[in-house]
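Visitor: need coordinates for the below:
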Amino acid sequence: MAAGRATLDFFAAQASARRRTALLVVLFATAWLATIAVVYLALAVVLSMAVTPTAPIDLRSPPLLLAVAGAVTAVTLAGAAWHGVRLAAGGGEAVARMLGGIRVDRSTERPDWKRLVNVVEEMAIAAGVPVPDVWVLDDEPGINAFAAGFTPDRSVVTVTRGALEALTRDELQGVVAHELSHVVNADTRLNLQLIALVGGLTALALVGRTLLRGTGRVRAGSRGKGAGGAIVAAGLVLWAAGSAGAFFARLIRLAVSREREYLADAAAVQFTRNPGGLTGALGKIAAQGSRLLAPQAPEAAHLFFANGLASRLLSTHPPVEERIRRIAPGAAWAVARAARAVASGSAAAAPSLASGLAAAQPGPGADADAPDLRGAADAAASEGAATSPHGHAAVLLAALPAELVRASRDPAGARAVVCALLGGAEADAAPLTVPRPGAPAAELAARAEARRLAVAASPLDRGARMALLELALPALDGLSPEQARALVADLATLAGADGRTTVFEWAVQRIVRRRLARPLGEARRAPGAGARRVEDVALECHEVLSILAWLGHRDPAGAQAALDAGVAVLGARPGWRPLPREKVGAARLESALERLDQASPAVKARLLAACEACARADGRILPAEAEVLRAVAASLGAPAPLGGADSAAWTAAAGVA
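Guide: Numbers count the residues shown, from 1 in each chain. Below you'll find the predicted structure:
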């Protein structure tokens, strides 16, 4: 940890960037209000000139102001809604397709794609987010990448061909960690919302252009000259105001994007504990470029890892040199020198860049407390294990049986793997031998495969099983509604075979059901449609925290101390008492999570931080507590709380302590 803090105090950087982003969002709203003011003043002048001198329009007319505000708001919201619906229909996948992306089959044997899949899986587990879909922009030679999606479990990570060809594994890991941090910090949702809002202001300019085109018909009639002039004036006003509003909104969107890039860089160092990977990737971008060629690139440029536009005037990202300076101050000079050398065609760019980055890295012994995982990583090199000394997730995944990992990457195999997790041995998977009445041959084959894989999964501990579940979740999206219902039924059968349901069995069922909500036809309201304050869901929070308190403690005093720790982070009034042990259980927790799923993102963030504080009150997190934390996070459509010794600092930096 010493190396990371010596290079960058990333928790402080996260908190600072969040505060400044809030200010920039306020400025975005100010641009919208300024657009209303411009339209109001211009229309007031036009109408004053159009009416008789004896009845001038009062420039301070409240009715006119209300009418203009209503009209501008209606047009803006309609435009934003149209863009929002378009994006919501496809989410991150729609953006990847728009830019010419190719979905990567997670079972691919192509070396560069396989390395990318392994890195994405490792960093997703390290970051505490569901493993996203992986896409490649095969026509883009520049070094770049982006993440997009409205929720963590429906996000995609897309990387350019140039990044796959130019970056080392550690550098690619830094880039992927940066993009996944956008998922963790809800940037992917914010960026798509900003696209929709800018589209809304652009709709005002579209209305103005439509009015201007319509004046040709008005001019055709001799009696329409006066009306034609008024329409032309109104069209010009709306077009100019809408264009100006959209321009300033874009500027603010770019500023928001710049601040979020600093936050993502800080979080990427947090996830990888290897600042050299991120600075190396940025250095190569300075030397080789990150420009995008797709015609639609300007619309999505702010989503990318680095500036994808030819112009730096409206760059969506801060300068590469400044980003490297914040991560590794000693390397900034080398990057600047290399960039100038490349611009002038000098061949000395690569050596100067490499030497500068090497000099900026921590020396031997800088992180003496970190465990030495290089041997385990080297042993798994054929499967693409991380070379970073902090690659805990890579080592965990490399230790999983290859047969189970391969099976988890396609829908049929993932279904069998999930069932195998609840059947640790052939005897435990015996309920799957009972054929379901009228079951099709494909279902019988899937159940037979689950029985076989259960034997391979039997030696795995609960932590390894949860990691395997994470790998299998994306492939479950390919199940049909019938297959999804059959999987849920099989999991219930396995969990209830011995007459009781363990915490692990409940967590697996809850996570899988949340993932399969669409094929199961379980309608969900939009996030944030319910409680806006913790007080509105205090009862539900009490249910969740009480279960965590009792999971970690047998004695009432310990449970009370754990609950107190959670309540303090939640920000609720002190004095809560754990619900009686006999009154907490799966049924009540399910009901509480359904209501909490509709709470605002701020409430969810506070609850998850409180859950972690409650579980960690005694200085450790037991497997059962970790499983409930993961299931609660999945139920809320949010990243799981970060683990490790840095959790308390992350909680404070997130502004929820």
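Visitor: can you confirm residue 147 is in a strand?
Guide: Yes: judged by DSSP: H, G, I helix; E, B strand; the rest coil, residue 147 forms part of a strand.
Visitor: who does it bridge with?
Guide: Assessed by DSSP bridges, residue 147 has beta-bridge partners residue 157.
Visitor: separation between it and residue 487?
Guide: Using C-beta to C-beta, to the nearest Å, we find residue 147 at a distance of 28 Å from residue 487. To be clear about C-beta, it is placed using only N, CA and C from the backbone, and glycine gets the same treatment.
Visitor: center of the protein - which residue?
Guide: residue 183 (1.6 Å; C-alpha atoms, centre = their mean).
Visitor: okay, and for the stretch 351-500 of the chain, where does confidence drop off?
Guide: 351-392, 424-439 (pLDDT under 70).
Visitor: can you pull out the helices in it?
Guide: Taking DSSP state H, counting those that start in this stretch to define them, one finds helices in the stretch 351-500 of the chain at 374-379, 392-398, 402-407, 411-421, 441-457, 462-476, 481-495.
Visitor: one more: the stretch 501-650 of the chain?
Guide: 503-515, 517-520, 538-552, 556-570, 586-596, 601-615, 623-635, 647-653.
Visitor: adding mean neighbour count, write the ones you listed out as JSON lines.
Guide: Shown next, in JSON lines, are the helices of the stretch 501-650 of the chain (neighbours: other C-beta atoms under 10 Å):
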{"stretch": "helix 503-515", "mean neighbour count": "22"}
{"stretch": "helix 517-520", "mean neighbour count": "16"}
{"stretch": "helix 538-552", "mean neighbour count": "23"}
{"stretch": "helix 556-570", "mean neighbour count": "20"}
{"stretch": "helix 586-596", "mean neighbour count": "16"}
{"stretch": "helix 601-615", "mean neighbour count": "24"}
{"stretch": "helix 623-635", "mean neighbour count": "23"}
{"stretch": "helix 647-653", "mean neighbour count": "19"}
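Visitor: relative to residue 422, which of those helices is closest?
Guide: With C-beta to C-beta as the measure, helix 503-515 is the member of the helices of the stretch 501-650 of the chain nearest residue 422 (5.7 Å).
Visitor: need the contact partners of that closest one.
Guide: 130, 153, 418, 421-422, 462, 465-466, 469, 473, 476-477, 487-488, 491-492, 494-495, 520, 522, 551, 586, 590, 593, 623-624, 627-628, 630-631, 634-635, 637 (C-beta atoms under 8 Å, 6 or more residues apart in numbering).
Visitor: so what's residue 81 up against?
Guide: By C-beta under 8 Å, 6+ apart, the neighbours of residue 81 are 196, 200.
Visitor: residue 242 and residue 282, how far apart?
Guide: Distance from residue 242 to residue 282, counting by C-beta to C-beta: 37 Å.
Visitor: rewinding a little: doesn't residue 128 make contact with the residue nearest to the centre of the chain?
Guide: No: using C-beta atoms under 8 Å, residue 183 makes no contact with residue 128, being 9.9 Å away.
Visitor: so which of the helices of the stretch 501-650 of the chain is nearest residue 68?
Guide: Of all the helices of the stretch 501-650 of the chain, helix 601-615 comes closest under C-beta to C-beta, at 32.3 Å.
Visitor: how about the strands in this structure?
Guide: Applying DSSP state E to the chain gives strands spanning 102-103, 133-137, 145-148, 156-160.
Visitor: looking at those strands, which is nearest to residue 544?
Guide: With C-beta to C-beta as the criterion, residue 544 lies closest to strand 145-148 of these, at 28.6 Å.
Visitor: how far is the closest one from where the chain is centred?
Guide: Its chain's C-alpha centre and that of strand 145-148 lie 9 Å apart, by C-alpha atoms, centre = their mean, to the nearest Å.
Visitor: deepest of the helices of the stretch 351-500 of the chain, which one?
Guide: With neighbours taken as mean count of other C-beta atoms under 10 Å, these reach their highest mean count in helix 411-421, at a mean of 25.
Visitor: just to revisit the earlier point, mind putting the helices of the stretch 351-500 of the chain into a markdown table with distance to residue 308?
Guide: Shown next, in a markdown table, are the helices of the stretch 351-500 of the chain (distance: least, C-beta to C-beta, whole Å):
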| stretch | distance to residue 308 |
| --- | --- |
| helix 374-379 | 32 |
| helix 392-398 | 29 |
| helix 402-407 | 33 |
| helix 411-421 | 33 |
| helix 441-457 | 43 |
| helix 462-476 | 26 |
| helix 481-495 | 38 |
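Visitor: which residues of the stretch 551-657 of the chain score low on pLDDT?
Guide: Scanning the stretch 551-657 of the chain for pLDDT under 70 picks out 642-657.
Visitor: quick check, pLDDT for residue 267.
Guide: Note on residue 267: pLDDT of 82.
Visitor: brain fart, residue 120
Guide: We have a pLDDT of 93 for residue 120.
Visitor: burial count for the closest residue to residue 132 other than its chain neighbours?
Guide: Residue nearest to residue 132 in three dimensions, not counting chain neighbours: residue 155, with 4.4 Å by C-beta to C-beta, 6 or more residues apart in numbering. Using other C-beta atoms under 10 Å, residue 155 has 25 neighbouring residues.
Visitor: OK, contacts around residue 155?
Guide: By C-beta under 8 Å, 6+ apart, residue 155 lies in contact with 91, 92, 129, 130, 132, 133, 147, 148, 149, 183, 188.
Visitor: any chance of the residues you listed in a markdown table with distance to residue 140 as columns?
Guide: Shown next, in a markdown table, are the contacts of residue 155 (distance: C-beta to C-beta, whole Å):
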| residue | distance to residue 140 |
| --- | --- |
| 91 | 21 |
| 92 | 17 |
| 129 | 25 |
| 130 | 26 |
| 132 | 19 |
| 133 | 18 |
| 147 | 16 |
| 148 | 15 |
| 149 | 20 |
| 183 | 21 |
| 188 | 19 |
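Visitor: wait, residue 589 sits on residue 547?
Guide: Yes: look at residue 589 against residue 547 with C-beta under 8 Å: they come within range, at 5.8 Å.
Visitor: got a list of what the residue nearest to residue 316 when sequence neighbours are not counted touches?
Guide: Leaving out its chain neighbours, the residue that sits closest to residue 316 by C-beta to C-beta, 6+ apart is residue 302, at 4.0 Å. Going by C-beta under 8 Å, 6+ apart, residue 302 touches 191, 194, 253, 254, 256, 257, 316.
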